[in-house]
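S.K.: structure for the following, please:
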Amino acid sequence: NDMLNTLFPEGYGDFVNPQIEANRIHEAFLRDQKMRDTVSRAIQDSADLGVSISIAQLENIGIGFDYTLAHTEARSWALAHTDTLLNQLGTTSGKVVGQAVGRWYQNGESLDALINDLTPAFGPKRAALISSTEVTRAAAMGSREAYRASNVVTELVWQTVNAEKVCVFCGSLHGKVVGIDASFDDALPDDLKGKLTPFVLPPAHPNCRCFITARVQEPKRGRNRVRSD
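M.R.: Residues are numbered from 1 along each chain as shown. Alright, predicted model coming up:
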């Protein structure tokens, strides 16, 4: 319960961004002393137990020795392993999301399949939020890589799905053009800059459903004609 309250304090609500959430949990594991002490104590107790079991087994066959060194070495390992374990646990959320999105994208399943895959780890509400956000992210990344590979696309255009329901951030970006390696975050109006977690491509925020298209320079009648697809 102490660990749970540290990770998800009462009234915290839904996280803002899956990556931010992963980082927040990671930092909670690494910085919270109560959690570190609890985990460290559990690991040390288990290491001590392992030493004790081995000693008992050896004594049963007539082998006796000074077990102080064994406990000392085991506890030294436990202290070092605590840092390793907390670091691994702290990055689990990001790995779960990444693996699930990767499988979904590769298998061509419905969005419900991705939500179902994430639900055991995050619950249905958060799973749906992560799914829609990360699908948008994966699609934008895939589009940019394809445009880059074409060797004819040098600029990207931000597009919104529904102009009537679009938020002020995405609405201000609709139709904005940036270089293929540039960041759309820099294209925000001055009064909106710094109010969101920095982003390069969609999504700009959780549940963002925006996407990118290519701005292609194509020659016509000796002049360059610009069009957006």
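S.K.: buried residues in stretch 121-141, which are they?
M.R.: 122, 126-137, 139-140 (16 or more other C-beta atoms under 10 Å). The C-beta positions use only the backbone N, C-alpha and C, and glycine is treated the same way.
S.K.: so which helix or strand takes in the nearest residue in space to Leu114 that is not next to it in sequence?
M.R.: Nearest non-adjacent residue to Leu114, counting by C-beta to C-beta, 6 or more residues apart in numbering: Trp104, 4.1 Å away. Per DSSP states H and E: Trp104 is located in helix 92-107.
S.K.: dump that helix to CSV, restricted to CA.
M.R.: Extracted C-alpha coordinates of helix 92-107, given in CSV (Å, rounded to 0.1, in the frame of the first residue of the first chain):
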residue,chain,number,x,y,z
THR,A,92,8.4,-1.4,-17.0
SER,A,93,5.5,0.9,-18.0
GLY,A,94,7.3,2.2,-21.0
LYS,A,95,8.3,-1.3,-22.1
VAL,A,96,4.8,-2.7,-21.8
VAL,A,97,3.4,0.1,-23.9
GLY,A,98,6.1,-0.2,-26.5
GLN,A,99,5.8,-3.9,-26.9
ALA,A,100,2.0,-3.8,-27.1
VAL,A,101,2.0,-1.0,-29.7
GLY,A,102,4.7,-2.9,-31.7
ARG,A,103,2.6,-6.1,-31.8
TRP,A,104,-0.5,-4.2,-32.7
TYR,A,105,1.1,-2.3,-35.6
GLN,A,106,2.7,-5.4,-36.9
ASN,A,107,-0.4,-7.6,-36.7
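S.K.: report the angle between the axes of the helix or strand following that helix and helix 92-107?
M.R.: Next along the chain after helix 92-107, taking DSSP H and E as the criterion, comes helix 111-122. Going by axes from the mean of the first three to the mean of the last three C-alpha atoms, to 10 degrees, helix 111-122 is angled at 160 degrees with respect to helix 92-107.
S.K.: who does helix 111-122 touch, helix- and strand-wise?
M.R.: Counting contacts by 3 or more C-beta pairs under 8 Å, 6 or more residues apart in numbering; DSSP states H and E, helix 111-122 is packed against helix 92-107, helix 124-150.
S.K.: what is the longest one packed up against?
M.R.: It refers to helix 124-150. Here helix 124-150 touches helix 18-31, helix 92-107, helix 111-122, strand 153-159, strand 211-220, going by 3+ C-beta pairs under 8 Å, 6+ apart.
S.K.: what is the helix holding Trp104 packed up against?
M.R.: Identification of packing neighbours for helix 92-107 by 3+ C-beta pairs under 8 Å, 6+ apart yields helix 18-31, helix 111-122, helix 124-150.
S.K.: next, the angle from the second one to helix 124-150.
M.R.: Orientation note: helix 111-122 sits at an angle of 120 degrees relative to helix 124-150 (the same axes, to 10 degrees).
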